[in-house]
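Asks: Generate a structure from the sequence data that follows.
(one chain, ligands or ions: 1)
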Amino acid sequence: MEQRAMSVLVVEDELDIQGLLRDYLCHEGYQVSVCGDGQQALSMLRESAFDLVLLDVMLPGMDGLALCQALREFSQVPVIFLTARHEEIDRLLGLRLGADDYICKPFSPREVVARVEAILRRQRWQQAPGQAVAKAGLSIDETRFDARLDGIALDLTPVEYRLLKALVAQPGRVFRRDQLVSAAYDDYRVVSDRTIDSHIKNVRIKLANVRETAVFIHAVYGVGYRFEPE
Ligand code: CA
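Replies: Numbering: from 1, shown residues only. Predicted coordinates for the structure are as follows:
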């Protein structure tokens, strides 16, 4: 299938890392632009559309957090943060900046390329949820509240069915537990995170009972869950 090259903007002021990422991504067929300054990167993002941004947290001009916040006012382009410290990731997650992933330095360029690919694949599924569902071998019949994997009925409870339906409607999107609670229950209820976890666990077991490799529902540490067929 012929596809245009995906464009990636690397925002990183350390020139050796910037060059390394550029070389690796170019080698993988991406069209790569680089920038070492936050403010300048923001102007580049306003001027042209990129498919993905690799964004260092510590930057001169405007740091990665402020840049991401400003970016989200006009664009939903996927952002992967590059951060120097592991502890920083928890803090970044807490800020809910709308980043799609976080990579801790030092990283292997191969890992970065893999994450970039995963996000762009997810992005394509978000644009075509039906394709992701079909790829997974799932079928969901909304008139009969029936979900099947490889043609075999999963026998989900109503709550499990609604959870699965919500997740597959937006492949790759990370749902917080409270969002899943509102998707799964019509009325307002106080449902603990653990209740949602156990319903999700049951859905996963029912999927695995049909096909052991059907691991589509992924836990996202500290946040919730997402559906993504591999
Ligand atoms: Ca830096």
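Asks: For residue 111, which non-adjacent residue is spatially closest?
Replies: In space, and not counting its chain neighbours, residue 111 is closest to residue 103: 6.9 Å by CB to CB, 6 or more residues apart in numbering. Every residue, glycine included, has its C-beta placed from N, CA and C.
Asks: and the residue in the chain sticking out farthest from the centre, what helix or strand is that in?
Replies: Ranked by distance from the centre of the chain (CA atoms, centre = their mean), the top residue is residue 144, with 30.2 Å. Using DSSP states H and E, residue 144 falls within no helix or strand.
Asks: just residue 229 next, same as before
Replies: Using DSSP H and E, no helix or strand contains residue 229.
Asks: State the distance from the residue lying closest to it once chain neighbours are set aside to the ion.
Replies: Nearest in space to residue 229, with sequence neighbours left out and distances taken as CB to CB, 6+ apart, is residue 136 at 3.7 Å. The gap separating residue 136 from the ion is 39 Å, by CB to the ion, to the nearest Å.
Asks: ok, how many other residues are close to residue 182?
Replies: Neighbour count of residue 182, defined by other CB atoms under 10 Å: 14.
Asks: Mind checking what helix or strand follows the helix or strand it falls within in sequence?
Replies: Here residue 182 sits within helix 177-184, counting by DSSP H and E. Next along the chain after helix 177-184, taking DSSP H and E as the criterion, comes helix 193-210.
Asks: related to what we said a few turns ago, can you list the strands that the helix or strand hosting the residue nearest to residue 111 pairs with?
Replies: Assigned by DSSP H and E, residue 103 belongs to strand 101-104. Applying DSSP bridges, strand 101-104 is found paired with strand 79-83 (parallel).
Asks: what number of residues lie near the residue nearest to residue 229?
Replies: Neighbours of residue 136 under the rule other CB under 10 Å: 21.
Asks: ok, now which ones touch it?
Replies: Residue 136 makes contact with 149, 168, 214, 216, 229, according to CB atoms under 8 Å, 6 or more residues apart in numbering.
Asks: Look at the closest residue to residue 84 other than its chain neighbours and say how many residues are nearby.
Replies: Closest residue to residue 84 apart from its sequence neighbours, by CB to CB, 6+ apart: residue 105 at 4.9 Å. Using other CB under 10 Å, residue 105 has 15 other residues around it.
Asks: ok, residue 105 touching residue 88?
Replies: No: the criterion here is CB atoms under 8 Å, and residue 105 misses it with residue 88 at 10.0 Å.
Asks: so what's residue 101 bridging to?
Replies: Beta-bridge partners for residue 101, by DSSP bridges, are residue 80.
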